[in-house]
Each structure stands twice: as structure tokens, then as C-alpha cells.
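In: Structure for the following, please:
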Amino acid sequence: MSAEYAESDQFRGARIRSSELAGLEIRDCEVSGLKIVDCFGNDVSLGGDFERVVVNDVDVTAYVEAELDRQHPTRALARDALSPDDYRAAWNAIERMWQATLDRARLLPEAKLHEQVNGEWSYVETQRHLLHGADAWLGNAVLEEEAPYHPLGFPTGGMPPEASAKLGLTIEATPTLDEVLAARRARMAAMRRVVDGLTEAELDRVCGRKPAESYPDQEYVVRRCLKVVLKEEAEHHRYAVRDLAVLEAGA
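Out: Sure, this is the predicted structure:
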């Protein structure tokens, strides 16, 4: 069985030389300054939020971002939103995008939508994660709801179990797609109401809360919080359609 390391700083600044690293997986980690030098192999996959990526002395950051924007135009709308109209346009595109993808997903058996591809979240788990993200950044931070967290929400993999339990999350639950979508649609409707009424003054308003207790004590402005919701929707849609293609091929 492969070794597992979690919430560890023992690899900070480490040097790994002349070692067998085939199949190594690094997930949910801070990797600024990571260097892979004079190594060899095939099927090397790199994914995440990187400000600069250099491959064999070639900065490929701009190319990768441009290609992702070409394949997934909604991510550019989400990332570049500035005005209230921009936020509305991005959310309009997100609603259309997910409806089309849901229609596609429903052509598969329900069991397929609970199936993980290459260890990534299933389609249902992705919907649960987006629910949780909107609960935190919209329901808690922007709307300051009394009970913003739905129990079916699915946090990032790095959240400790005790923190999830404190929020009332039932991580081990196995809800149906329709059960998750009922909560998702309610939260998306709340986002619709917010963007429909957006003004410049509201975008610049400082939120009375941070998204969750684990976040740093700093100023959270409405435009930043709503931008996180937009970007999460766009990026996780990219993952969802990637994995749906695999599930469709298998079906």
C-alpha cells in the first residue's frame, strides 16, 4: 500500500535525488518554487492554480491559460468580471453551461454519476463541492445567513474532519443527484438574486463575515467573494465535462 502524508511540512525544501517516483501524487499542496530537474518519464500531469509554469526553460503559462480560455470561454467571463453587468453576464453563462451539462449527465445511469474517474470527484461530489463553496462565499460571507451551510456540502479535501463536523457537514452521506440538485438550485437561485441586484457600491461593500472560520482574519469584499463563486463554477465545470467524456466512453 502506498504511503500517505497529510498536513505535513517535512518535505519543505527537501531534495529528492536518484529516486523512483513513478506514480507519485501531490494533491492540495503549496508547491511554490517546486523544481523537477533532469528527470524523465511519460504521462506527467500537472493541474492546479499556478501563476507561472516553466517547462524545459519555456514559460508556458500564457499558452496554457489561452488554450483553457479557448476551450472553456466561461472561465474568462468569470475571471475577468469587473462591473455589475460583467458579473451578471458571467452568471448567465454559468447557468446555461451547467444546464446543458446536466442534460448530458442525465443520459448516463445514476450510478455512473457517483463514479470517480482517476480518483477525482464524481459528478455528484462536484455538485456537492460547488454547493459548499457557494454556502461559504455567498451564504456566509455576503448574505450573512444564520445557517449558511447545507449538510450535503462537500469541502476541499484538506479540511479536517472535525472542522467539517463543526459546520454540520455529512461528508460520508451518499445522496442522490436530485437530492444534491435541490440544494444546489436553491443556492444558485440566491446567487441569481444577488447578481440581478448588483451595484458598484454593493460590489465594494466589505462583508461582515469571512467565508469560514479557517480563513484568515482580513477584509473580504463582496466582489472578491462573488468572484470566487464564479471561478469555482467555471473551473469545476471543466473538470466535470472532462470526466463525463470518460464515463460516456465507458458506458
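In: switch to C-alpha atoms for all contacts and neighbour counts from now on
Out: OK.
In: what about D178, which SS state?
Out: On the three-state scheme (DSSP: H, G, I helix; E, B strand; the rest coil), D178 is labelled helix.
In: how many neighbours does it have?
Out: 11 (other Cα atoms under 10 Å).
In: Pull up the gap between it and R184, please.
Out: 9 Å (Cα to Cα, to the nearest Å).
In: Low-confidence stretches in this structure?
Out: 1, 6-7, 18, 23, 27-28, 38 (pLDDT under 70).
In: Show me the longest helix that occurs in it.
Out: Secondary structure of the chain per DSSP state H: the longest helix is helix 222-250.
In: ok, and for that one, which residues are buried?
Out: 222-234, 236-238, 240-241, 243-244, 247 (16 or more other Cα atoms under 10 Å).
In: what residues are up against W137?
Out: K210, P211, C225, L226, V228, V229 (Cα atoms under 8 Å, 6 or more residues apart in numbering).
In: Other residues contacting whichever strand or helix holds A163?
Out: Under the criterion of DSSP states H and E, A163 resides in helix 161-166. For helix 161-166, contacts defined as Cα under 8 Å, 6+ apart pick out P155, T170, I171.
In: could you redo the last one with a cut-off of 6 Å?
Out: Outside helix 161-166, not one residue touches it by Cα atoms under 6 Å, 6 or more residues apart in numbering.
In: Which helix or strand contains D85?
Out: Counting by DSSP H and E, D85 is part of helix 84-105.
In: next SSE after that helix?
Out: Per DSSP H and E, the first helix or strand lying C-terminal to helix 84-105 is helix 123-134.
In: How about residues contacting that next one?
Out: With Cα under 6 Å, 6+ apart, helix 123-134 has contacts from L113, H114, G153, F154, P155, L177, R184, V229.
In: Most neighbours out of these, which is it?
Out: Going by other Cα under 10 Å, G153 tops those with 28 neighbours.
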